[in-house]
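Engineer: could you look at this predicted model? Sequence included:
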Amino acid sequence: MHRFIATGFFATLLTACSAGSSQLQGTWVGERAEGIREDQQGQAAAFVAGLRLVFDRDTITVTQDGKASTGRYKLHHEDKTSIVIYSGEGELEPQTFTFSGVGKLHWVMSDGRSIVLTQSRT
């Protein structure tokens, strides 16, 4: 009996983990880059202007200038202010997202730069 309960518990846990982050769900569009060197501001602004992330359960679609790439991600850590995910096959570097207000998300790079995203209502 205990084995059956434990198996059910772990199956539920795995199902919940594969659902992705409820806080990330939806569409996020690039607003601006932060922490960028002055000589890279124009290039960064152009990159961010064409950036769109769509989270659907444990799937992420990244669109850059009309070219889309879709893959799965695994939720590593989530609390009220930050989310850490691993995406793709065998990716070693986690991707960190922090919230800075309602509908504002910072995609924080390992070197301290970040991309500010705004939640789209469409």
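Structural biologist: Nice, I can see it.
Engineer: in this structure, where is pLDDT below threshold?
Structural biologist: For the chain, the stretches with pLDDT under 70 are 1-18, 88-92, 122.
Engineer: swap the cut-off to 80 and go again
Structural biologist: 1-19, 87-93, 122 (pLDDT under 80).
Engineer: show me the helices in it, by range?
Structural biologist: 2-17, 41-49 (DSSP state H).
Engineer: ok, and what's touching stretch 61-74?
Structural biologist: 17-18, 20, 47, 50-54, 58-60, 85-88, 95 (CB atoms under 8 Å, 6 or more residues apart in numbering). To be clear about C-beta, it is placed using only N, CA and C from the backbone, and glycine gets the same treatment.
Engineer: select only the buried ones of those in ChimeraX?
Structural biologist: One line in ChimeraX is enough to select the buried members of the contacts of stretch 61-74, burial here meaning 16 or more other CB atoms under 10 Å:
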select :20,47,51,52,53,54,58,60,85,86,87,95
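Engineer: count of neighbours near D111?
Structural biologist: Look at D111: counted by other CB atoms under 10 Å, it has 7 neighbours.
Engineer: how far away is it from S82?
Structural biologist: 17 Å (CB to CB, to the nearest Å).
Engineer: could you report the neighbour count for the closest residue to S110 other than its chain neighbours?
Structural biologist: Spatially, and ignoring its direct neighbours in sequence, S110 is nearest to E93 (6.5 Å; CB to CB, 6 or more residues apart in numbering). Neighbours of E93 under the rule other CB under 10 Å: 9.
Engineer: cool, and S21?
Structural biologist: S21: 18 neighbours (other CB under 10 Å).
Engineer: kindly report the same for F97.
Structural biologist: Neighbours of F97 (other CB under 10 Å): 23.
Engineer: repeat that for the one 3 residues further on.
Structural biologist: S100 sits with 11 neighbouring residues when counted by other CB under 10 Å.
Engineer: tell me how far the nearest residue to it once chain neighbours are set aside lies from A68.
Structural biologist: Distance criterion CB to CB, 6+ apart; nearest residue to S100, sequence neighbours excluded, is H106 at 5.7 Å. Going from H106 to A68 by CB to CB gives 22 Å.
Engineer: fine, thanks again, bye for now.
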